[in-house]
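Enquirer: let me see the structure of the following:
(chains A and B)
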Number of protein chains: 2
Amino acid sequence: MCIALRHQFEEFIQLTDEEFEYVCSFFHATKFNKHSLIIQIGDVVDREYFVVKGLLKTFVTDENGKEHILQFAMENWWVSDYQALNTKERAGFNIECLEEVEILYFSLADKNKLCDEMPKIERFFRLKTTSGFLNLQKRVMVLIKNDALSRYKQLYEQYPTLFQRVPKSMIAAYLGVTRETLSRLSI
Amino acid sequence: MCIALRHQFEEFIQLTDEEFEYVCSFFHATKFNKHSLIIQIGDVVDREYFVVKGLLKTFVTDENGKEHILQFAMENWWVSDYQALNTKERAGFNIECLEEVEILYFSLADKNKLCDEMPKIERFFRLKTTSGFLNLQKRVMVLIKNDALSRYKQLYEQYPTLFQRVPKSMIAAYLGVTRETLSRLSI
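Expert: Prediction:
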């Protein structure tokens, strides 16, 4: 499982075998069944997860029972309730496995320890967070600028495989449109 | 001007007077008149800006002449075309001064040099970027979950002073709604 993690770090930094072995020693591997909630609203959140296999969604359900999806996370993505993780608030989101999931996780304390000890790891997380920031900026622009059809097409171009893995109702909940709107567009 | 910058860094890290003086030596101060474009679509982007005084907007104008605002930046905010800055693409946004602006800026090369030399500075930018990431996540949730009125109210609660500094048409362009929609809501 750690090979995927090594590739992940090497997207931005170089690590020797010894360094990577040390980094890897901070991570724990686990598996979850489909439909498991790895984080539930109200939880104390102390872990950041790296997806080795499978697909998850970060979501809330509003007072009308309507689901809103903040994020999907598939192979090689990081996922957590970052607001809760970084501010010590209780979780404001549920994170649910949409498939069988294999995951590596480490605690926030261990992340901070690694960043203290290895400036390279702090560099990695700075650049990885920048990359997440840029993706969210793109999503904001799509949301304020595009209608439902353009949002759908843009997501399809960016993540074509996602459409084979989740139902249209979840795509709608991620795009901020209703399932009925997608149907009217013959999607 | 550097006092505001020192407070900014000390939000996340501690610096001695000598360390701060060194950090400060990488920054350049400048002023812009209202309506100046500090970045224009198509520019090479090599600078990150810290706003000491004034207000700016990051925006695009679509093929129908409609403006879409990605970001406002006021005192103590950082601003740049981050996509262009981090990927070496040409600027995809305009950044315009909505007031007289006093700004500190440094080059990406100098930012990287500082991060190489001072792990504390890398820590600062990791945590600052995380904070920007969390703000964008909140904005995405507001955009996919809330109607025009809720979006407006949420922004007003978050940044009440912004509403005294920009016209309603810009608030609409930031919220992803039309000026007419806000008018229908008697806003």
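Enquirer: where does chain A dip in pLDDT?
Expert: Applying pLDDT under 70 to chain A flags residues A:1.
Enquirer: residue numbers of chain A in contact with chain B?
Expert: Contacts of chain A with chain B, taken as Cβ under 8 Å from any Cβ of the partner chain, map to A:60, A:62, A:68-70, A:82-83, A:86-87, A:115, A:119, A:122-123, A:125-126, A:129-134, A:136-141, A:143-145, A:173-176. For glycine as for every other residue, the C-beta is placed from the backbone atoms N, C-alpha and C.
Enquirer: those, buried ones only, as a ChimeraX selection?
Expert: Buried subset of these, written as a ChimeraX selection, criterion 16 or more other Cβ atoms under 10 Å in any protein chain shown:
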select /A:60,68,69,70,82,83,86,115,119,122,123,125,126,129,130,131,132,133,134,136,137,139,140,141,143,144,145,173,174,175,176
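Enquirer: just the ones in helices from the residues of chain A next to chain B, please.
Expert: Applying DSSP state H to the residues of chain A next to chain B, the entries found in helices are A:82-83, A:86-87, A:115, A:119, A:122-123, A:125-126, A:129-134, A:136-141, A:143-145, A:173-175.
Enquirer: show me where chain A has its helices.
Expert: A:2-9, A:17-24, A:82-87, A:108-117, A:119-145, A:148-158, A:162-165, A:168-175, A:179-184.
Enquirer: so what does the longest one touch, helix or strand wise?
Expert: Counting contacts by 3 or more Cβ pairs under 8 Å, 6 or more residues apart in numbering or on different chains; DSSP states H and E, helix A:119-145 is packed against helix A:108-117, helix A:148-158, strand B:67-73, helix B:82-87, helix B:119-145, helix B:168-175.
Enquirer: possible to save these as a markdown table with distance to residue A:47?
Expert: What follows is these, written out as a markdown table (distance: least, Cβ to Cβ, whole Å):
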| stretch | distance to residue A:47 |
| --- | --- |
| helix A:108-117 | 7 |
| helix A:148-158 | 27 |
| strand B:67-73 | 31 |
| helix B:82-87 | 27 |
| helix B:119-145 | 16 |
| helix B:168-175 | 34 |
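Enquirer: how much space between residue A:67 and chain B?
Expert: Distance of residue A:67 to chain B, given as Cβ to the nearest Cβ, to the nearest Å: 10 Å.
Enquirer: identify the spatial nearest neighbour of that residue, chain neighbours not counted.
Expert: residue A:173 (4.7 Å; Cβ to Cβ, 6 or more residues apart in numbering or on different chains).
Enquirer: so what's that neighbour up against?
Expert: Contacts for residue A:173 (Cβ atoms under 8 Å, 6 or more residues apart in numbering or on different chains) come out as A:59, A:66, A:67, A:68, A:69, B:144.
Enquirer: for the fifth one, give me its contacts.
Expert: It stands for residue A:69. By Cβ under 8 Å, 6+ apart, the neighbours of residue A:69 are A:57, A:58, A:59, A:170, A:173, A:174, B:144.
Enquirer: run the last query once more with 6 Å
Expert: Residues near residue A:69 by Cβ atoms under 6 Å, 6 or more residues apart in numbering or on different chains: A:57, A:59, A:173, A:174.
Enquirer: distance of residue A:177 from residue B:85?
Expert: Spatial separation of residue A:177 from residue B:85 under the definition Cβ to Cβ, to the nearest Å is 32 Å.
Enquirer: typo on my end, it should be residue A:159
Expert: Note on residue A:159: its distance to residue B:85, by Cβ to Cβ, is 25 Å.
Enquirer: residue A:77 contacts residue A:51, correct?
Expert: Yes. Using Cβ atoms under 6 Å, residue A:77 is in contact with residue A:51, at 5.2 Å.
Enquirer: ok, those two, which is more surrounded?
Expert: Applying other Cβ atoms under 10 Å in any protein chain shown to residue A:77 and residue A:51 shows that residue A:51 carries more neighbours, namely 20 against 15.
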